[in-house]
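Asks: sequence plus the predicted model coming up.
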Amino acid sequence: MGFKCGIVGLPNVGKSTLFNALTASKNAEAANFPFCTIDPNIGIVDVIDKRLDQLAKLSSSKKKIYTNITFVDIAGLVKGASKGEGLGNKFLSHIREVDAIIHLVRCFDSEKITHVNSKISPSSDLETIKTEIVLSDLDIVQKKLEKGKKKLLENKEIKILEEKLNQLDKNQEVKINNEEENKFLSNIGLLSIKPKIIVCNVDEENLSKGNQYTEEIQNKYPNEKIIKICADIEDQLSGLDKNEKEAFMQDIGLNKTGLNQLIKEGYDLLKLDTFFTSGPEESRAWTVRKNTIAPKAASVIHTDFEKNFIRAEAVSCEDFIKYGSAEKCKENGKLRIEGKDYIVKDGDVLYFRVNP
């Protein structure tokens, strides 16, 4: 499964520039006026994994297939979006389709690039977005409760909605208490429950140490995932080959690209793991939720594998690389036979045995 991240923010904060850089494309128009992005731009990016590179080499695989991440560049939001202002309805519907939200906020000064509110205040920008999302959720919950009164919902669902309505009335994002709640509220399309990362778009000078704007965000949102990215630098990096990229990053003291940071934080945020399959025909990376049992992981490869599952032969990626093959791991007692209750671990190399 890969995962889908929606890049959201006010107009002219650098969403399209960042999208172009992350997807190494020029698909998203980046211009100095609001709403240059109307329909969402979508880019699918390979998640480069050195472990897979090694597995493919050891197995002499004909094909190597990385897992991927999808980025969606969503139209800029303005105050009143929940009531249809600007491109509000489209904006909100596009957010519903993503797994996680990247809140991009502008943390740089520039006389050349206008700001929709004429003043740089990333925390105010973020509050505008969060408020519109809360108002949208408030509308959804109120409508669902009206249906509930007509006996279309169970009592426990009505109780959940009443609790969430109370939170939303206080301009708070919805808090999830358990997986049952999460499933129910996700199905009705609530936005404030989606996992989120705050990305501070800074200039090159402030990328390493930050500035007053990034401090403002960190002080106001101490419990959120926050990373700093310079969209302009990412855009420059996207046009370089591997050697040029490494030299440029070393020159400016950059350890990780913005893409790598987002992938790492995204996997952590969504609680995702990667497992591998490897053989002479193909070595491939697969993404599953943490604590996924083996038959469910097998279904990612083919839906029939889950119901026809017999067992999994498992070896850690580290052992596979150390000994050079699954056969050598078996000879050294490192290959395990796992049943239907086995919980897949990040870095597992798996061979599924299924009924024909």
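Replies: Structure's in. What do you need? Numbers count the residues shown, from 1 in each chain.
Asks: now do the SS call for Val98.
Replies: Val98 falls in the coil class when you classify it by DSSP: H, G, I helix; E, B strand; the rest coil.
Asks: can you pull the contacts of the residue nearest to Thr214 when sequence neighbours are not counted?
Replies: Across the structure, with CB to CB, 6 or more residues apart in numbering as the measure, the residue nearest Thr214 apart from its sequence neighbours is Cys200 (4.7 Å). The C-beta positions use only the backbone N, C-alpha and C, and glycine is treated the same way. Contacts for Cys200 (CB atoms under 8 Å, 6 or more residues apart in numbering) come out as Val105, Cys107, Pro122, Gly210, Tyr213, Thr214, Ile217, Ile226, Ile227, Lys228, Ile229.
Asks: then Lys156?
Replies: With contacts defined as CB under 8 Å, 6+ apart, Lys156 has no neighbours.
Asks: check contacts around the nearest residue in space to Asn171 that is not next to it in sequence.
Replies: With CB to CB, 6+ apart as the criterion, Asn171 has its nearest non-adjacent residue at 5.8 Å, and that residue is Val134. With contact taken as CB under 8 Å, 6+ apart, Val134 is in contact with Leu168, Asn171, Gln172, Glu173, Ser192.
Asks: would you check that the fourth one makes contact with Leu190?
Replies: No - under the criterion of CB atoms under 8 Å, Glu173 is not in contact with Leu190, lying 9.3 Å apart.
Asks: of the two, who's got more company?
Replies: More neighbours sit around Leu190 than around the other of Glu173 and Leu190, counting by other CB atoms under 10 Å; the figures are 25 against 18.
Asks: Asn219 sits in which helix or strand?
Replies: Following DSSP states H and E, the helix or strand that holds Asn219 is helix 212-220.
Asks: for Ser283, same thing?
Replies: strand 282-289.
Asks: what pairs with that strand, and is each one parallel or antiparallel?
Replies: Partner strands and pairing direction for strand 282-289 (DSSP bridges) are strand 63-65 (parallel), strand 272-278 (antiparallel).
Asks: buried sites along that strand?
Replies: When burial is assessed from 16 or more other CB atoms under 10 Å, strand 282-289 yields the following buried residues: Ser283, Arg284, Ala285, Trp286, Thr287, Val288.
Asks: and the residues you listed, which is closest to Tyr221?
Replies: Minimum separation from Tyr221 among the buried residues of strand 282-289 (CB to CB) is found for Thr287, which lies at 27.4 Å.
Asks: so how far is Asp49 from the closest one?
Replies: The span separating Thr287 from Asp49 equals 10 Å under the rule CB to CB, to the nearest Å.
Asks: shared neighbours of those two, which are they?
Replies: Thr67, Thr274.
Asks: biggest separation within the buried residues of strand 282-289, which pair?
Replies: Ser283 and Val288 (17.1 Å).
Asks: skipping adjacent residues, who's closest to Phe305 in space?
Replies: In space, Phe305 comes closest to Ala298 once its chain neighbours are excluded; the distance is 3.7 Å by CB to CB, 6+ apart.
Asks: surely that neighbour is in contact with Phe309?
Replies: Yes - at 5.5 Å, Ala298 counts as touching Phe309 under the criterion of CB under 8 Å.
Asks: any idea how far the residue lying closest to Gly324 once chain neighbours are set aside is from Asn68?
Replies: Nearest in space to Gly324, with sequence neighbours left out and distances taken as CB to CB, 6+ apart, is Leu58 at 5.6 Å. When CB to CB is applied, the distance between Leu58 and Asn68 equals 23 Å.
Asks: the residue nearest to Gly324: what's it in contact with?
Replies: Contacts were defined as CB under 8 Å, 6+ apart; by that measure Leu58 touches Ser278, Phe320, Ile321, Gly324, Ser325.
Asks: low-confidence stretches in the chain?
Replies: Low-confidence segments of the chain (pLDDT under 70): 1-2, 25-40, 75-91, 112-118, 150, 152.
Asks: show me the strands in it, by range?
Replies: Defined through DSSP state E, the strands belonging to the chain, from first to last, are 3-8, 41-46, 63-65, 68-73, 100-106, 196-201, 225-229, 272-278, 282-289, 309-316, 336-338, 348-354.
Asks: need those strands in JSON lines with distance to Asn243, can you?
Replies: Putting the strands of the chain into JSON lines (distance: least, CB to CB, whole Å) gives the following:
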{"stretch": "strand 3-8", "distance to Asn243": "29"}
{"stretch": "strand 41-46", "distance to Asn243": "19"}
{"stretch": "strand 63-65", "distance to Asn243": "21"}
{"stretch": "strand 68-73", "distance to Asn243": "24"}
{"stretch": "strand 100-106", "distance to Asn243": "29"}
{"stretch": "strand 196-201", "distance to Asn243": "27"}
{"stretch": "strand 225-229", "distance to Asn243": "23"}
{"stretch": "strand 272-278", "distance to Asn243": "27"}
{"stretch": "strand 282-289", "distance to Asn243": "25"}
{"stretch": "strand 309-316", "distance to Asn243": "32"}
{"stretch": "strand 336-338", "distance to Asn243": "40"}
{"stretch": "strand 348-354", "distance to Asn243": "30"}
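Asks: related to what we said a few turns ago, ranking the strands paired with strand 282-289 by burial, who's on top?
Replies: Relative to the other members of the strands paired with strand 282-289, strand 272-278 carries the highest mean neighbour count by mean count of other CB atoms under 10 Å, namely a mean of 22.
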